[in-house]
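[1] pasted the sequence and its predicted model underneath.
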Protein chains: 2
Amino acid sequence: MLSKKQIQSVRALHQKKFRDQSATFIVEGPKLLDDLFKSEFEIKQIFATADWAASHAAIGGRFPEIIKVSPAELSRISLLKTPNQVLAVVASPHYDIHDFTMPDDFVLVLDGISDPGNLGTILRTADWFGMSRIICSSDCVELFNPKVVQAAMGSVFRVQVYYTDLVAFFDRYAEIPVYGTFLKGNNIYREVFPSQGFLVVGSESHGVSTALAEKITKALHIPADRSQAESLNASVAAALCCSEIKRDYLKSC
Amino acid sequence: MLSKKQIQSVRALHQKKFRDQSATFIVEGPKLLDDLFKSEFEIKQIFATADWAASHAAIGGRFPEIIKVSPAELSRISLLKTPNQVLAVVASPHYDIHDFTMPDDFVLVLDGISDPGNLGTILRTADWFGMSRIICSSDCVELFNPKVVQAAMGSVFRVQVYYTDLVAFFDRYAEIPVYGTFLKGNNIYREVFPSQGFLVVGSESHGVSTALAEKITKALHIPADRSQAESLNASVAAALCCSEIKRDYLKSC
């Protein structure tokens, strides 16, 4: 049986403050755990129902011992409406912007993305299109917010996400093209993309901030077909851009 | 001041059961209300703070009188964490599948989409790409779920969404091509799309159902770039398909 203290220490991680303090976060469900096991992330604790524990008796090695819990206990520590067999407490990696190196590829840059579902979906999309590094403005939603982790699926273990001041960041990379999506700009479908660049996606409510707009060397626009819609969802806009950037290459795959 | 009965009657609409019974739903926030006013949707009641009411004193005509509420009252009837000036109760239109006519365009078909954010985002994307009709399987999430309405933005007033049995539906349209996204299929970037067709998007967890898969005449696949990600978010997959379907036309815009 779980002690009150154990329950409290996991439940504390439902809040950002305690995730920050302890540098740990929660990962839930068999599918995410499978991806977690394949990653280098350090697992601190695993709480699981008897069934899941029985089918994972062979894990061990670098993984902690499974703490068996009843479905009722799992629901007390879970963040999900329908708790799903297993919950792990995992050490949050710190991606230091000083360690960032520019790949010979595109890097997504997110300016003020505040919806956790959007950030998670963008991670999943970036991972799909082979873009394994993302730069977030300091006011983006937290990477280890449970809704980000759920929406990102296993991509949260594969994509490196750096938080920093974006204006200062771009000063370091003045020679690399910076693309951004706006309501006016070059038709994205006519653009020929280089192999290396940044793609800036603006916030859900305000788009790209004024300070950052000055750093953008190429404004792109996704044209609409006879529409009264004012804009696209931020994660959809990001996906359409990633697709266009990789399109010539993927077309020949 | 709002009566207990008024508060209860709006709060009841937080639940699907009462939305169904009364054939009304909730629309919130100044931005959505602006789009609502431009639509043909019938507004039953408008509850607004003094500020919003003052700046909308000129509305009238076919719209009901504004019922002024305090911020505290608004928060009692609102579905939002941060209530936003105005809330309307609106008659839910019923889109009868027997009234559906096939446009000379693509029609999105959603098979078991259960996440309200995804359905809303797909509506917004379809609207952007000029696809004003969507067919949903009967087990898709409800169109007037508050999270669908919020994620769809004004597109919920512009896109017609029909619920029906999809297998029986396709029997009526045997001569029209039916595209669907799968993990294996033709590379979507090499596909040349006709002007008219259906595009089936499968559910978040199971993809396209087995029964429906038989109705699909052309399987499409969105290729990944060196990725371990298993799949894309359903609303992202839908968006990438819509973009490819309209790409040649939009490229020349």
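    Yes, it's here. The structure displayed is predicted, hence computed values, not measured ones.

[2] grab the nearest non-local neighbour of residue A:84.
    Excluding its sequence neighbours, the residue lying closest to residue A:84 (C-beta to C-beta, 6 or more residues apart in numbering or on different chains) is residue A:29, at 4.0 Å. Backbone N, C-alpha and C define where each C-beta goes, glycine included.

[3] tell me how far the one you found lies from residue A:146.
    Separation of residue A:29 from residue A:146 (C-beta to C-beta, to the nearest Å): 11 Å.

[4] just checking, the residue nearest to residue A:84 touches residue A:82?
    No. At 9.7 Å, residue A:29 does not count as touching residue A:82 under the criterion of C-beta atoms under 8 Å.

[5] which of these two has more residues huddled nearby?
    Higher neighbour count among residue A:29 and residue A:82: residue A:29, with 19 against 7, using other C-beta atoms under 10 Å in any protein chain shown.

[6] for chain B, see how far away the more buried one is.
    12 Å (C-beta to the nearest C-beta, to the nearest Å).

[7] just residue A:244 next, same as before
    Distance of residue A:244 to chain B, given as C-beta to the nearest C-beta: 8 Å.

[8] same question for residue A:69.
    For residue A:69, the distance to chain B equals 24 Å [C-beta to the nearest C-beta].

[9] now do the SS call for the residue lying closest to that residue once chain neighbours are set aside.
    Excluding its sequence neighbours, the residue lying closest to residue A:69 (C-beta to C-beta, 6+ apart) is residue A:47, at 4.9 Å. Of the three states, residue A:47 takes strand under DSSP: H, G, I helix; E, B strand; the rest coil.

[10] list the contacts of residue A:47.
    Residue A:47 makes contact with A:2, A:10, A:66-69, A:73-74, A:77, A:86-88, according to C-beta atoms under 8 Å, 6 or more residues apart in numbering or on different chains.

[11] now with 6 Å?
    Residue A:47 makes contact with A:67, A:69, A:87, according to C-beta atoms under 6 Å, 6 or more residues apart in numbering or on different chains.

[12] output the below-cut-off pLDDT ranges for chain A.
    Chain A contains no residues with pLDDT under 70.

[13] chain B contacts on that one?
    Proximity of chain A to chain B, by C-beta under 6 Å from any C-beta of the partner chain, involves residues A:117, A:121, A:124-125, A:127-130, A:155, A:189-190, A:223-227, A:229, A:232-233, A:236, A:239-240, A:243, A:246-247, A:250-251, A:253.

[14] give me the buried entries from these.
    Buried members of the residues of chain A next to chain B, counted by 16 or more other C-beta atoms under 10 Å in any protein chain shown: A:117, A:121, A:124-125, A:127-130, A:155, A:189, A:223-225, A:227, A:229, A:232-233, A:236, A:239-240, A:243, A:246-247, A:250.

[15] so which of those are in helices?
    Taking DSSP state H as the definition of helices, these contribute A:117, A:121, A:124-125, A:127-128, A:236, A:239-240, A:243, A:246-247, A:250.

[16] only C-alpha atoms, please: export the one helix or strand residue A:220 maps to in PDB.
    Secondary structure assignment for residue A:220, by DSSP states H and E: strand A:218-221. Included here for strand A:218-221 are C-alpha records, laid out as PDB according to Å, rounded to 0.1, in the frame of the first residue of the first chain:
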ATOM      1  CA  LYS A 218      11.600  35.700 -45.000                       C
ATOM      2  CA  ALA A 219       7.900  36.200 -44.300                       C
ATOM      3  CA  LEU A 220       5.800  33.300 -45.500                       C
ATOM      4  CA  HIS A 221       2.000  33.100 -45.900                       C
END
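
[17] what does that strand contact?
    By C-beta under 6 Å, 6+ apart, strand A:218-221 touches A:177, A:179-182, A:184-186, A:188.

[18] packing partners of the helix or strand harbouring residue A:88?
    Using DSSP H and E, the element containing residue A:88 is strand A:86-91. With contacts taken as 3 or more C-beta pairs under 6 Å, 6 or more residues apart in numbering or on different chains; DSSP states H and E, strand A:86-91 sits against strand A:24-28, strand A:43-48.

[19] now the angle between helix A:234-251 and the next helix or strand after it, please.
    Moving toward the C-terminus from strand A:86-91, the next helix or strand (DSSP H and E) is strand A:106-110. Angle of strand A:106-110 versus helix A:234-251, following axes from the mean of the first three to the mean of the last three C-alpha atoms, to 10 degrees, is 180 degrees.

[20] and strand A:106-110, what's buried?
    Buried residues in strand A:106-110, counting neighbours by 16+ other C-beta under 10 Å, are found at A:106-110.

[21] return the member of these nearest to residue A:210.
    Checking the buried residues of strand A:106-110 against residue A:210 by C-beta to C-beta gives residue A:109 as the nearest, at 15.6 Å.

[22] now the residue found closest to residue A:173 once you drop the neighbours it is linked to in the chain: how far from chain B?
    In this structure, residue A:173 finds its nearest non-sequential neighbour in residue A:102, 6.6 Å apart by C-beta to C-beta, 6+ apart. Distance, residue A:102 to chain B, by C-beta to the nearest C-beta: 18 Å.

[23] picking that back up, what strands line up against the strand holding residue A:88, and which way round?
    strand A:24-28 (antiparallel), strand A:43-48 (antiparallel) (DSSP bridges).

[24] single out the most deeply packed of those strands.
    Greatest average neighbour count among those goes to strand A:24-28 (a mean of 23), per mean count of other C-beta atoms under 10 Å in any protein chain shown.

[25] list the contacts of that strand.
    The contact list for strand A:24-28, computed with C-beta under 6 Å, 6+ apart, reads A:13, A:19, A:36, A:44, A:80, A:87-92, A:144.
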